[in-house]
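Chemist: fold the stuff below for me.
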Amino acid sequence: MDTLQIELAAAQRRKKLVNAIAVALGQILTLLITLTYGLSMGEGTWALIYILTWLVATSSLYFRYSRPILVLVLVVVCLLVTIPAQYPAVGSWWAAPVMVYHLVRYFSRPVRIGTFVAALLASVIGGFVFARAFLVYNPTALEFNITALTAAFICAAIVTIAWFFGDSRRLRENRHRALLERNRQLEHEREQERALAVLDERARIAREMHDIVAHSLSVIIAQADGARYAATDQQPGSGAGASAQNEPVELAALGTISQAARSSLQQMRTLLGVLRTDEGTTVEPLPALHNVPQLIEQTQKLGIPVRFSTVSGVEEKLPQGADLTIYRIVQEALTNVAKHCPGTPLVTVTISEGKQTLDIDITNLPQAEPTQPLPGARRGLLGMRERVDMYHGTLHYGRLADGSFRVFAQIPFVP
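Modeler: Numbers count the residues shown, from 1 in each chain. Below is the predicted model:
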């Protein structure tokens with residue numbers, strides 16, 4: 001809930017509380033007057049009408065926020081009912097200016113203008129009604145008219161004050177709401193600025209990382225190529241007719257290191273190059289399902305036997321971007337094999353089509369002679385799970401009973 005909603009909710013609670021207290025005080029103050037005039041009339045019928053009209057007119061004010069039109073009708077009816085009485089609307093007259101205040105405060109401009117005109121006309125009529133009621137002797141026409149005009153002026157002054165109070169309160173509330181809305185907009189703008197600052201900082205860090213890692217990978221490539229060429233020159237029979245199949249394992253490993261470093265450098269530039277806003281960067285396609293055979297080939301060049309099987313024609317069934325996730329899952333699994341189980345006799349990579357999913361299964365057999373695995377923080381497995389969760393898929397990994405290690409992922413097809 002934002003600041004504007006909190007402020008409006010608090011204002012609503014305060015408004016209801018103030019309304020209840022004000023109406024209760026008005027009822028208490030006018031109850032004795034109503035009883036006095038009602039009982040002084042002598043007749044039980046009019047006394048009952050006085051009490052009922054007072055009770056209905058004033059009690060309905062409790063609901064003027066939720067049922068304003070109904071409350072207005074009840075107040076007007078109660079006032080009209082008591083006109084024939086000797087003392088009309090003695091205890092309930094104050095409900096009229098309260099409703100004028102309410103209509104002016106909460107309703108549209110045509111309603112406000114109509115309320116003011118109707119209230120002035122009702123004041124003139126009310127002046128003559130009150131003059132007839134309170135001039136108990138036989139006044140002259142001049143006395144009656146002066147009294148009626150005075151009463152009408154007082155009534156008009158009361159409803160005019162109520163009208164201006166309501167209009168003033170409406171203007172203050174409108175300004176308050178405008179200030180709250182402006183404050184909400186400023187807060188939203190500040191949040192956007194903070195978010196943009198975070199994105200800029202991330203972009204700066206990514207650019208720095210790109211420059212540092214690119215330099216390191218370039219050094220690796222240069223060293224691997226240089227060592228390979230130097231070793232090739234020293235090998236007997238390394239002329240132009242030498243076959244790649246007769247190449248020693250050490251030279252093949254150096255070639256694989258160079259090729260893997262080049263591939264990593266290219267992928268990193270593809271991912272992070274778009275962050276460079278100050279220079280044009282050519283964005284190349286990210287690896288996808290059809291690039292998995294290249295991963296298999298690179299792993300085999302490291303001396304790890306891999307048996308690979310896949311399916312075709314499933315790309316259009318996958319969610320957008322899932323191709324990259326499948327590639328990264330296979331890449332991470334094969335990287336873990338090379339790090340933690342380099343002597344495995346066989347790795348099987350199977351990509352198959354299930355009923356509603358594409359299944360990726362990577363299993364490596366236990367190596368015959370245990371070796372010291374490279375240290376790891378398991379971030380790769382966590383990254384795999386996060387990628388699979390993006391597409392509402394499932395990921396299971398762990399060691400099997402025979403010592404093999406299995407990674408099994410399922411990516412749902414697009415419905």
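Chemist: check which helices and strands the longest helix anywhere in the chain sits against.
Modeler: If each helix of the chain is counted by residues according to DSSP state H, the longest one is helix 141-234. With contacts defined as 3 or more Cβ pairs under 8 Å, 6 or more residues apart in numbering; DSSP states H and E, the secondary structure elements packing on helix 141-234 are helix 3-40, helix 95-106, helix 109-134, helix 249-272. C-beta coordinates here come from the backbone N, C-alpha and C atoms, glycine included.
Chemist: that helix vs helix 95-106, what angle?
Modeler: Taking axes from the mean of the first three to the mean of the last three Cα atoms, to 10 degrees, one finds helix 141-234 and helix 95-106 inclined to each other by 30 degrees.
Chemist: what lies in contact with stretch 299-319?
Modeler: Counting contacts by Cβ atoms under 8 Å, 6 or more residues apart in numbering, the residues outside stretch 299-319 that touch it are 249, 252-253, 255-256, 259, 288-290, 292-293, 296, 323, 326, 334, 337-338, 342, 344-353, 358, 391, 411-414.
Chemist: related to what we said a few turns ago, show me how far the longest helix of the chain is from its chain's centre.
Modeler: Relative to the centre of its chain, helix 141-234 is centred 14 Å away, using Cα atoms, centre = their mean, to the nearest Å.
Chemist: got the angle between it and helix 249-272?
Modeler: Relative orientation of helix 141-234 with respect to helix 249-272: 160 degrees, computed using the same axes, to 10 degrees.
Chemist: and helix 141-234, average pLDDT?
Modeler: Along helix 141-234, the predicted confidence averages to a pLDDT of 78.
Chemist: ok, then the element right after the helix or strand containing residue 339?
Modeler: Residue 339 belongs to helix 322-340 when assigned by DSSP states H and E. Per DSSP H and E, the first helix or strand lying C-terminal to helix 322-340 is strand 347-353.
Chemist: neighbouring strands - and their directions - for that following strand?
Modeler: Strand 347-353 has the following strand partners under DSSP bridges: strand 306-309 (parallel), strand 357-364 (antiparallel).
Chemist: need the winner for burial among the helices and strands packed on helix 141-234.
Modeler: Per-stretch averages of neighbours, counted by mean count of other Cβ atoms under 10 Å, single out helix 95-106 among the helices and strands packed on helix 141-234, with a mean of 22.
Chemist: which parts of the helix or strand containing residue 48 are buried?
Modeler: Assessed by DSSP H and E, residue 48 sits inside helix 44-59. The neighbour-count check on helix 44-59 (16 or more other Cβ atoms under 10 Å) flags 46-47, 49-51, 53-58 as buried.
Chemist: sorry, back to before: looking at the strands paired with strand 347-353, which is buried most?
Modeler: strand 357-364 (a mean of 22).
Chemist: and the angle from the longest helix of the chain to helix 109-134?
Modeler: Between helix 141-234 and helix 109-134, the angle formed by their directions is 150 degrees, by the same axes, to 10 degrees.
Chemist: ok, the closest residue in space to residue 260 that isn't next to it in sequence - how many residues close by?
Modeler: Nearest in space to residue 260, with sequence neighbours left out and distances taken as Cβ to Cβ, 6 or more residues apart in numbering, is residue 298 at 6.1 Å. With neighbours defined by other Cβ atoms under 10 Å, the count for residue 298 comes to 18.
Chemist: sec struct for residue 414, please.
Modeler: For residue 414, the assignment made with DSSP: H, G, I helix; E, B strand; the rest coil gives coil.
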